[in-house]
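# After the sequence you'll find the predicted model.
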Amino acid sequence: MNLATLPDCRAGTAPRAAALADDNTDLNNIGFLTAVRRATTSLRAAGVSMGDVVSVMLPNTAALVVSLFATWRLGASAAPIDPALSVEDAGHQMAYTGAKVLIAGQDPAYAFPVQTVIPADRLTTAQPDTRGPAQARDEAPALLVYDGNADSDPKFVTLDHLNLEALCRLAIRIFTLTGTDHSLSILPLFHVNGIAVGTVSPLLAGGRTTVAGPFSPTTFFDRIECSRATYFTADPAIYRQLSDLPAEIQPDTASVRFAICGAAPAGVELRTKFEHRYGIPIIHDHGLTEVPGRARSIRRAAP
C-alpha cells in the first residue's frame, strides 16, 4: 500500500476512530482525511504535481503530518526543514532540493527561493480535493531529509515510497505495534526517526499519533497521563532529564508499553535508572538521526 492512500484506508475502515492530535487539534480518521484533502487542494492550487518537491518548515504539529500526506497524495516529495534554521540556511536547503512550494508557520518576510509560500493557517481552509491519491512509483522519492552530519554542501537522505513504507512496516514488526497503540511523538519531525517511527508507523498499524509540542521534562509526564500513550521515542538527553526529575514526581505510566531510544545508546546506568524509576522498558534503536538503524534495534524485557 502506498502511504498516500493511508488516510483513505483508515477513514474507510474506522471513520470515527482517533487518528492524529496535537496540543490544539484532535482528528478522527474522517477528520484526518478531510484535512489532508483540503491541504491537497491548497498545494494543487499552488501548482504542485507529480514529481515536485514541497518544503515543510513547521514546528511539531498535526499540520506538519497533514502536509506530508497531502504532498504524497499529489505524488510529490516532502522536504522537512528545521524551523529553527536561519533564513539563509533554510533557503539554501530549498534551493538545493528545487522546492516549488514552502509550507511555513506564517508568511515569511524573507523571499525564499520557491514559487509559493502557504502559511499553515491557510493550508486546510480550501474545499477538500475530490481526486484520488496519485499513483506514485515505488522508486519515486517520498522524503528528502537534510543530513545534518554533512561537512560541506547540503546533503540529503532520500527515501522513496517503497523505502519509507518498508521502514514503517519493519518498525511495526519490531515493536509489535497494533491498532491499540498510541505514539506520543516528541522527536523532531524533520528527521526520519520522528516521522517514521514516532508518527507514520502507528498510523499504518491502525493506531494513533499525538504530536507533542516543545519538550519539557516537567510537563512530559502530564502529556503521557493525558494522552494515555503506549510508547514514545526519545534520545539519551531526554531520558537523562526525565531520570533527574525530583523524587516527588511520581507519574502514572501504566499506559506505556515501552520507550525507544534513538540517536545513540542510553548506556546501562541511565537505562537502568529510568526503567526502575518509571517501570518503562527502553528499546534501543540507535543509528543515524536522519535514518534510524533498524538493524541495531534491541528488544529488552520489562524491568
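Sure thing, it's come through. Residues are numbered from 1 along each chain as shown.
# Give me the three-state assignment for Tyr96.
helix (DSSP: H, G, I helix; E, B strand; the rest coil).
# Please tell me how far it sits from Ile118.
Tyr96 sits 20 Å away from Ile118, taking Cβ to Cβ, to the nearest Å as the criterion. Any C-beta I mention is one placed from the backbone N, CA and C, and that applies to glycine too.
# How about Arg173?
Distance of Arg173 to Ile118, computed by Cβ to Cβ: 36 Å.
# which of these two has more neighbours?
For Arg173 and Ile118, the more surrounded residue by other Cβ atoms under 10 Å is Ile118, and the numbers stand at 22 against 12.
# Per the annotation, how does the protein divide into domains?
With domains defined by automatic domain parsing, the chain comprises 3-163, 177-296.
# Tell me the helix or strand right after the strand or helix carrying Glu225.
Using DSSP states H and E, Glu225 sits within helix 217-227. Downstream of helix 217-227, the next assigned helix or strand under DSSP H and E is strand 231-234.
# can you give me the strands for the stretch 201-303 of the chain?
Ranges of strands within the stretch 201-303 of the chain are 208-211, 231-234, 258-261, 282-284, based on DSSP state E, counting those that start in this stretch.
# and these as a markdown table, adding mean pLDDT and mean neighbour count?
What follows is the strands of the stretch 201-303 of the chain, written out as a markdown table (pLDDT from 0 to 100; neighbours: other Cβ atoms under 10 Å):
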| stretch | mean pLDDT | mean neighbour count |
| --- | --- | --- |
| strand 208-211 | 98 | 26 |
| strand 231-234 | 96 | 24 |
| strand 258-261 | 95 | 22 |
| strand 282-284 | 90 | 20 |
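# between the ones you listed, which one is nearest to Lys155?
strand 231-234 (23.8 Å; Cβ to Cβ).
# pLDDT weak spots in this structure?
1, 148-154, 286-303 (pLDDT under 70).
# can you rerun that using 90?
Scanning the chain for pLDDT under 90 picks out 1-2, 106-111, 146-158, 191-192, 213, 262-267, 284-303.
# For Arg169, find the nearest of the domains of the chain.
domain 177-296 (7.1 Å).
# Number of residues surrounding Ala99?
28.
# measure it to Val200 for me?
Taking Cβ to Cβ, one finds Ala99 at 21 Å from Val200.
# With Ala19 instead?
With Cβ to Cβ as the criterion, Ala19 and Val200 are 12 Å apart.
# out of the two, which sits in the busier spot?
Ranked by neighbour count (other Cβ under 10 Å), Ala19 and Val200 place Ala19 first, with 28 against 25.
# I'd say that one and Thr13 touch.
No: with contact defined as Cβ atoms under 8 Å, Ala19 does not reach Thr13; the gap is 11.2 Å.
# Please identify every residue contacting each of the two.
Asn29 (Cβ atoms under 8 Å, 6 or more residues apart in numbering).
# And the residue nearest to Asp82 when sequence neighbours are not counted, how far from Thr5?
Among residues not flanking Asp82 along the chain, Phe190 sits closest, at 4.9 Å (Cβ to Cβ, 6 or more residues apart in numbering). For Phe190, the distance to Thr5 (Cβ to Cβ) stands at 24 Å.
# Of these two, which one has the most company?
Phe190 (25 against 17).
# A helix includes the more buried one, no?
No: counting by three-state DSSP, Phe190 is not part of a helix but coil.
# which residues touch it?
80-83, 145-146.
# Would you mind measuring from it to Leu6?
20 Å.
# still on that earlier bit, switch the domains of the chain over to a markdown table; also include distance to Arg169.
Written out in a markdown table, the entries for the domains of the chain read as follows (distance: least, Cβ to Cβ, whole Å):
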| stretch | distance to Arg169 |
| --- | --- |
| domain 3-163 | 10 |
| domain 177-296 | 7 |
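# Spell out for me which residue occupies the centre of the chain.
Geometric centre of the chain, nearest residue: Ile195, 2.8 Å, by Cα atoms, centre = their mean.
# For that residue, which non-adjacent residue is spatially closest?
Nearest one to Ile195, counting by Cβ to Cβ, 6+ apart, is Leu189 at 5.6 Å.
# The one you found: what's it in contact with?
Leu189 touches 58, 60, 64-65, 80, 195, 198-199, 211, counting by Cβ under 8 Å, 6+ apart.
# run the last query once more with 7 Å
Going by Cβ atoms under 7 Å, 6 or more residues apart in numbering, Leu189 touches 60, 64, 80, 195, 199.
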